[in-house]
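Q: Following is a predicted model, sequence given first.
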Amino acid sequence: MPYSDDETDDELEVSSGEEAEAPPGAEQPPVEPRPSEAGWKVKANDRPYHHLPEFKKKVFLCIKKSRYSGNAIKTYKYNVLTFLPLNLYEQFKRAANLYFLALLILQIIPDISTLPWYTTLIPLVVVLSITAIKDLVDDLARHRMDKEINNRKCEVLLNGRFQESKWMDIQVGDVVRLKKNDFIPADILLLSSSNPNSLCYVETAELDGETNLKFKMGLKVTDEKLQEQHQLAEFDALIECEEPNNRLDKFLGTMLWQNERYPLDLDNMLLRGCKIRNTEECHGLVIFAGADTKIMRNGGKTRFKRTKIDELMNYMVYTIFVLLLLVSAGLAIGTTFWYQDIGSKSWYLFDGKNQDASYRGFLSFWGYIIVLNTMVPISLYVSVEVIRLGQSKFINWDLQMYFAEKDTPAKARTTTLNEQLGQIEYIFSDKTGTLTQNIMQFKKCTIAGHSYGDPTTAEGMSLDRGRPVDWSWNTFADKKFQFMDHSLVALIRSGKDKDVTEFFKLLSLCHTVMVEHKDGDLVYQAASPDEGALVTAARNFGFVFLSRTQDTVTIKEMGQEATYEMLALLDFNSDRKRMSIILKFPNGRIRLYCKGADTVIYERLAPNSKHKESTQEALDRFANETLRTLCLCYKDISTEEYEAWSGNTKKPR
């Protein structure tokens, strides 16, 4: 994750104010929501509030503007007024162009001019024009992209009702309504959604490159009180939070509403660049807009980047220029001695000028630089620009880079893309899924010391080559799922092995997957491909996840539908490296299901746990076969144990 060079953790915590430490629901004295210079303040449904003098910042001399950015973005380099000066400035960073400009100035001086000035001006203008046209075409593409994004539509709450508005017209403090598959127009605070408990699933591909779904959650108080349009129109909370920064992994803030304060964190935020998935509708409050959003802060200002080829050509031109100076100096010295010994004594070479040999040698030095200007290859830049253009077109036309499933061809958005890719020396990746299609499939498993997954008959005989299992007995099975071990299927259908039953029941219950019913089929939306593969495997083996509500999970176990009460859900994170769920069975039993990395699971196993050694051997064998591994376990807990735990722990939702 990129981190800001400007703010430290301590500074971010200070900027969010001490209010974040107040517990929700605590009695607070009435607070007058007046602006102050500390932190970032956002007032819901109150556009004039953000234009108060207290929120102005000095731009130049006495000129001030609002510290809150509009939601329009700008990624282009030039506009009508700045194109010519900026482009010329950029081009004259090239040594050859600068050389020929100096050469043109020398040719205007009559005493040293050996060639007409237009012999240098015409090639220089042609080279500058070709490069400028290429830069203009690239920048016009950026203009079109910015215009397309800024003119996207979004529903904004104005004058008490939702109205369609352009992204560029959205302002800080606006309440917006987003629907399934909508892009998020700004960094917004999630208020409520159509999902239970205001869950909202988002795809963060534009932020971190991952297409896996991540879920965000609104505050309980906003979920209960801000579902209807008239409730949202009356929403007048004041948000105090950290200043805009580029940290994608952190957000601290406080919501002051109805004289109570509620802490806010990153789980409550929907960031610009994400896409709403698996959520029919959600409402949010704009906290950061446009250039203040985290994705734009990470992008920074558009810079004039130079490729290695440009640097190499500059180095070559400098080298050639040094040689040119040496040659011209040698010829000028020779001219000085020649004029002193011969030229000054030859009456037919007399030009009527009273100049000594040294001065004539000095003038001839500049004259030779002009005459020998062809040593500096100004046409090299034109050739390179043509090559760049051709290579970018080849990238666009490359059939092997065409993704047929989504009808997406390769697109070089800049002509220097090929050179920039060629500069990559190392690739740092957090996991192999970042570099591959990140497709996960259930391949093998070991249950109570017995391994399954290799080609095997229903009777348990091993085969060199097997045929996939026939799932026709399971109407809910995913026909794309393939498994070669017929013995495991036979064992499950017989119902004789309790461990196998618990294994797949755990897979069907311990997850955060959401399910959609489309055309009579079940479509799972998972936060990671791992979860999707595991729940799909359980589905095929007869333990079908059907639905979930805020407090229940419903599955079909070998044809029998069962609903379990969800007492707690402890989601997976990088610190815990495991996920747990506490369920209450229909018969009153309370059971903890857990799945996670083998290291953290083995640390927590009971001393008398069976099959620890055989399972470890299977894990090592699976790892040697380049399979990703996961451990599953469960524990029955008493009502007293659960109540003691839940009494000291905030119940996760």
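A: Arrived safely, thanks for sending. Only a predicted model underlies this, so the values are computations on that prediction, with no experimental measurement involved.
Q: All the strands of the stretch 1-150 of the chain, residue numbers only.
A: Counting by DSSP state E, counting those that start in this stretch, the stretch 1-150 of the chain has strands at residues 40-43, 56-60, 63-66.
Q: from those strands, which stretch is densest packed?
A: Comparing the strands of the stretch 1-150 of the chain by mean neighbour count (mean count of other Cβ atoms under 10 Å), strand 40-43 ranks first with a mean of 22. All C-beta spots, glycine's among them, are computed from the backbone N, C-alpha and C.
Q: avg pLDDT for it?
A: Mean pLDDT, strand 40-43: 90.
Q: the longest strand in the protein is where?
A: Looking across the chain with DSSP state E, the single longest strand is strand 560-570.
Q: helices or strands next to the helix or strand following it in the packing?
A: Where DSSP states H and E defines the elements, the next helix or strand beyond strand 560-570 is strand 578-584. For strand 578-584, the packing partners by 3 or more Cβ pairs under 8 Å, 6 or more residues apart in numbering; DSSP states H and E come out as strand 560-570, strand 590-596.
Q: Out of the strands of the stretch 1-150 of the chain, which is closest to L124?
A: strand 56-60 (35.7 Å; Cβ to Cβ).
Q: other SSEs contacting the helix or strand containing S614?
A: Using DSSP H and E, S614 maps to helix 612-624. Counting contacts by 3+ Cβ pairs under 8 Å, 6+ apart, helix 612-624 packs against strand 445-447, helix 598-603.
Q: circling back to that earlier point, out of the strands of the stretch 1-150 of the chain, which gets nearest to A477?
A: Once the strands of the stretch 1-150 of the chain are compared by Cβ to Cβ, strand 40-43 is nearest, at 49.5 Å.
Q: mind listing what the closest one pairs with, with the direction of each?
A: strand 238-241 (antiparallel) (DSSP bridges).
Q: Can you dump the C-alpha atoms of the partner strand in PDB for me?
A: Only the C-alpha atoms of strand 238-241 are listed here, as PDB (Å, rounded to 0.1, in the frame of the first residue of the first chain):
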ATOM      1  CA  LEU A 238     -21.200  16.700  11.000                       C
ATOM      2  CA  ILE A 239     -18.200  14.500  10.100                       C
ATOM      3  CA  GLU A 240     -14.800  15.300  11.500                       C
ATOM      4  CA  CYS A 241     -12.000  13.300  10.100                       C
END
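Q: remind me which residues of the stretch 151-300 of the chain are low pLDDT?
A: Residues of the stretch 151-300 of the chain that meet the criterion pLDDT under 70 lie in 209-212, 300.
Q: Just read off the phi/psi values of the residue nearest in space to the middle of the chain.
A: Nearest residue to the geometric centre of the chain (Cα atoms, centre = their mean): L207, 1.5 Å. Main-chain dihedrals, L207, degrees, to the nearest 10: phi -90, psi -50.
Q: quick one, what contacts it?
A: 248, 271, 273-274, 295 (Cβ atoms under 8 Å, 6 or more residues apart in numbering).
Q: Among these, name the ones in strands.
A: Using DSSP E, none of the contacts of L207 sit in strands.
Q: among these, which two are most distant?
A: L248 and C274 (10.7 Å).
Q: Roughly how far does E459 sit from R493?
A: Look at E459 and R493: by Cβ to Cβ, to the nearest Å, they are 14 Å apart.
Q: Looking at the two, which has the bigger crowd around it?
A: R493 (14 against 8; other Cβ atoms under 10 Å).
Q: Show me what the helix or strand containing E641 is in contact with.
A: Here E641 is covered by helix 639-648, with elements defined by DSSP H and E. Residues outside helix 639-648 that contact it (Cβ under 8 Å, 6+ apart): 567-568, 582, 590.
Q: and if you look at stretch 141-149?
A: 73-77, 167, 413.
Q: export those residues to CSV and tack on neighbour count?
A: Shown next, in CSV, are the contacts of stretch 141-149 (neighbours: other Cβ atoms under 10 Å):
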residue, neighbour count
I73, 21
K74, 15
T75, 14
Y76, 17
K77, 19
W167, 24
R413, 10
